[in-house]
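S.K.: sequence unavailable; structure follows:
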């Protein structure tokens, strides 16, 4: 599909303004060197190229077919192409799953027809692809109204219109897209498939994508892993962050959007970078084509405006970058070059004097980047229309001598400066905060590379049961046994058959205890009067046990009562929540969050897909908004991060080993220093 | 200063590339119609205009002087100008407070020299001003390298370099700046003074500012109030959001940056709008010059890309906008015009068909904006290079028929489209999320206008004691009396002289009680062993009272012990924190936050300056990140907002009436439905 030596265009038209005329026109215009086979019974030739009445008449099997006929004719076209042995077709036709259930049925027929012949399809309802290296402009996208300029960036989009807009913006910024592909309804070939293939192309150094939903999350993980292996950053804008957006996404694509923060967690777990929007994505993409990867989060801000320095410092702190204090040696060197009315602390103010003495700026950048605590740098400028050549020379010179990344933030830069800097592979951006955002993206990627251990993830199955049966609660002690075997600490507990035995158990466990009704039919025990806490002696326990049995009976007369859970109470500590879910896209995922208000009000949780290694578990903790709580808020002992990380990894292994566990909640988990213990657990298992 | 009929330029040079030559050059180039008096003993004339050897020789008193001499000569120049009766001077000279203590001394001399003559000064260390309406280009800013284009926006900047960059960006976007002013060190005339004056100019409809710090917050409040009165939005970018940034700001300007979230709270309290950065500021400024103010937060998103619709919906939800569900009537009307493969829910997908039938787009926008739940609209497009005239006509047409605001978000728009739309007063922006940010700004301003009651704020004094004496803790019962008189509910408490009396009081108040050591010398009572909680009978109380007396004595043998505070304990409820501070810039401010983890870990608090009305108090609550907690998290009763709002207003009145109270902490406050009671309070008062 990406490198066809011949292309058949089914339904080709001589009208370059029409959807079915545009690919032929573009391919000819751009000098495609393979063979073109327009197919349309209406024409004997198109623009001098022989046009064939039908697929069967083609003199050879095309490497690729573009199907540009109406939905009614598309299945027959695919069948004919399959008969001819065509390996792959791009299907522009629309009227499929994007329109509802009936369309989805047509789409299935289309797919089955292709599969019958062992043929792959891309689409339907897409607008094609461009391989700009080989002049393959196999699209009707408006982006191709001008000849695509090849470059080191691959961009794949699930959306045609937005993808076109993003590609055009990329061109306006001088970003060369080596590949552009729109995958439409993804009946067969997905955006991930395409990028997996493209990732191996040595002409490509950055992978980027716009997505609305992922059906098979393990494929995305494979792609992220591959991107890490080939050392090409993977930058993704995904919409559907919020309920309103996700609702709109569902109505638009028919994809399962999944829980957005599962996506978010899994992407960063595997080293992908999420961009907030098209602008952020292109900022990052462009920077990755120019800049080496910083080895740490220390940043120098070099300005001739104190104000801009402050704005960048604000943003750097928000993004976890460190506006590093220069060493005294660095400051001494800077003092030797910067005028006394400037500033050698960071932000570094070189003053306007460098226009008279360019060495001030050149040396300041070089000296700052020699500091071991500084890993990247932003040089901030504005206007300077009279000094373009001087400045371009300075930056070109610096580029040849420094190895660490620097970014030029130039407000209202002259167009000629932009062009010269871009041509020299120097990243330049015209907005102050966005310059910092870009460095943060580079740093994030560097950290992901450092975390990457080269191990391919052992992907757990993400199959969703086609015949869904509601899961049931596992008995508490059964669950406890499994969890303890997996290395998860739980508060000591046993199940009693009657109140007298409950007292005995309590005496053995030690007071205070809690008693809870044990029944697979009563999930909400508190509401059923089935929980009593803080019991301090055997009378208390016996009485409470009798009470909860009575309450449970009156609340749910038909419930199967398996006994009374007696549990030793833990001293309240930092509250956490851990859990396992089966995500429709990513399969088993582990969740960690801070308990209480954090999870209920702020929904402050991190997800990662199973399997999870310790570095990834640490990343989950760093992703929590309220992570400072782990350091010991309100006089509590700091939570031992290693113990917590081990617990997350144990849960990951548990989830992989127990596919029958559909859902697991450890809530709350009390963390007191090294002592991290689940005091309540609920395990839901598949009935089968 | 803003409308001079004559301008003297002290130190004028014929070299248009020099700081001291540029204003003369610019004023002549731009056709300034007043009289120019260059002053420099070196020249007989400059470019044919008589040049005077000194100020004394001038044939008349100039309305304005520009002082473009070195710091050494500036004071003498000011003295001479004062002698001549000059009312105001702009001082370009640098080497003053921006360089340290010695410079600050020079600045004071400069100011005192001016004041001796009753003369006002703007600067020093600034780059002047532009009144583009009257061709007054009295600056050496690079922005004036091209003739300034007048327009309805006033922009004032404390930073010269950043201000220049922002102005240049404004020009590139087609935003006309009627006024540009840089106020430099603000020895006398401040940015706020300038905008106060400019606010009355009928040619100006939007006020904007870049600031690094505010010394006199009440002036800012006056400006915000004035902006509300004259119905001109006030949009401010302030740097120093974060510790790193604020540190940089302090080293740069010498301004007291104050606590950034105090600034943030006070600005929104008085209807100002804070922009995150220069890009956001210009987005907003430009939109305010084009768009009417929406009457609510319902937004319609009209696209021909589902993906862009989702991205905008995500962002809208994040910003508190409502992607309103159209009424069934609206949907019926939309169905009549939009092709069946489009979407009439919101986001509304008009499909590409509107290029063939423009009425589809025109009607869709009109119909959406007729819906009573929809108050504004974004129309999203990309490229369309072949359809510029058609689209411009559609938007111009819509602009004449609808009264609600709409914004065009056009990715990679052709330059001619941008120009035509801007000329027609239609707001157009090229980035998807930023389009939503702009609507959110318009909505925020509309809400501020609705809250504005026309009452000028009775500004409390913000004077900081020049002779600072450390404040002392007021006795608890004294504080309690004052607070109760002010209508603040406190937990019942009395002070006992000895353990026996403590038991008596406890019996009267009812159990359980807490006892706390009462001493002005022990602020951290818990650390001194001076607190015992949860006492349930008279023996308990007597014993605990004796214990804490002994502990306090051994902890602080010299402390003056005034007794034992016995306090009835409240049932734990939703925890809040309220307080009063004296802000260096804004004077008395009231703080509200959620207790516990929210204040300790997330620093989630809102500030407003005294006096605070109920609508402003409500805004404070809406500004809390964890505000959902007030609706009753974890099974707790929702907090009665009216009672809490009244408590904030009472605290505001209390702070105004008691200037001796330097600091007040109510922490925690327990809120249980209507019952909102401070269970601990600490009042620090001025020793004098």
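M.R.: Cool, the structure landed. Quick caveat: nothing in here was measured; it's all calculated off a predicted structure.
S.K.: roughly how far apart are residue A:661 and residue A:493?
M.R.: Distance of residue A:661 to residue A:493, computed by C-beta to C-beta, to the nearest Å: 19 Å. C-betas here are computed from N, CA, C, even on glycine.
S.K.: who in the stretch 351-500 of chain A is up against chain B?
M.R.: The stretch 351-500 of chain A comes close to chain B at residues A:352, A:382-386, A:411-412, A:430-434, as judged by C-beta under 8 Å from any C-beta of the partner chain.
S.K.: among those residues, which ones are in strands?
M.R.: Mapping those onto strands (DSSP state E) picks out A:382, A:411.
S.K.: can I have the buried ones of the residues of the stretch 351-500 of chain A next to chain B as a ChimeraX selection?
M.R.: Of those, the buried ones can be selected in ChimeraX as follows, counting by 16 or more other C-beta atoms under 10 Å in any protein chain shown:
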select /A:352,382,383,384,411,412,430,431,432,433,434
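S.K.: which of the residues of the stretch 351-500 of chain A next to chain B lies closest to residue A:457?
M.R.: The nearest member of those to residue A:457, counting by C-beta to C-beta, is residue A:434 at 32.7 Å.
S.K.: nearest spatial neighbour of that closest one, skipping sequence neighbours?
M.R.: Leaving aside its chain neighbours, residue A:434 sits nearest to residue A:283 (5.6 Å; criterion: C-beta to C-beta, 6 or more residues apart in numbering or on different chains).
S.K.: doesn't the one you found belong to a helix?
M.R.: Yes: Residue A:283 sits within a helix when classified using DSSP: H, G, I helix; E, B strand; the rest coil.
S.K.: pLDDT score for it?
M.R.: Looking at residue A:283, its pLDDT reads 98.
S.K.: next: residue A:112.
M.R.: Per-residue confidence (pLDDT) for residue A:112: 97.
S.K.: also the one 5 residues further on?
M.R.: Model confidence at residue A:117, expressed as pLDDT, equals 97.
S.K.: any idea how far it lies from chain B?
M.R.: 29 Å (C-beta to the nearest C-beta, to the nearest Å).
S.K.: wait, doesn't that residue sit right on residue A:83?
M.R.: Yes: between residue A:117 and residue A:83 there is a contact at 6.9 Å, judged by C-beta atoms under 8 Å.
S.K.: between these two, which one's more packed in?
M.R.: More crowded of residue A:117 and residue A:83, by other C-beta atoms under 10 Å in any protein chain shown: residue A:117, with 17 against 13.
S.K.: report the contact partners of the more buried one.
M.R.: A:79, A:81, A:82, A:83, A:85, A:86 (C-beta atoms under 8 Å, 6 or more residues apart in numbering or on different chains).
S.K.: now with 7 Å, please.
M.R.: A:82, A:83 (C-beta atoms under 7 Å, 6 or more residues apart in numbering or on different chains).
S.K.: for the stretch 1-150 of chain A, which segments count as helices?
M.R.: With DSSP state H, counting those that start in this stretch, the ranges of helices along the stretch 1-150 of chain A come out as A:22-29, A:71-83, A:101-116.
S.K.: distance from the chain centre to the shortest one, please.
M.R.: Which is helix A:22-29. Per C-alpha atoms, centre = their mean, to the nearest Å, the displacement of helix A:22-29 from the mean C-alpha position of its chain is 35 Å.
S.K.: who's in contact with that helix?
M.R.: Residues outside helix A:22-29 that contact it (C-beta under 7 Å, 6+ apart): A:7, A:9, A:12, A:16, A:36, A:38, A:46-47, A:66, A:128, A:137-140, A:144, A:147.
S.K.: please pick the buried ones from these.
M.R.: Buried residues within these, defined by neighbour count using 16+ other C-beta under 10 Å: A:7, A:9, A:12, A:36, A:38, A:46, A:66, A:128, A:137-140, A:144.
S.K.: which one of those is nearest to residue B:363?
M.R.: For the buried ones among the contacts of helix A:22-29, the nearest to residue B:363 is residue A:140 (26.9 Å; C-beta to C-beta).
S.K.: excluding chain neighbours, give the residue nearest to the closest one in space.
M.R.: Residue nearest to residue A:140 in three dimensions, not counting chain neighbours: residue A:22, with 4.1 Å by C-beta to C-beta, 6+ apart.
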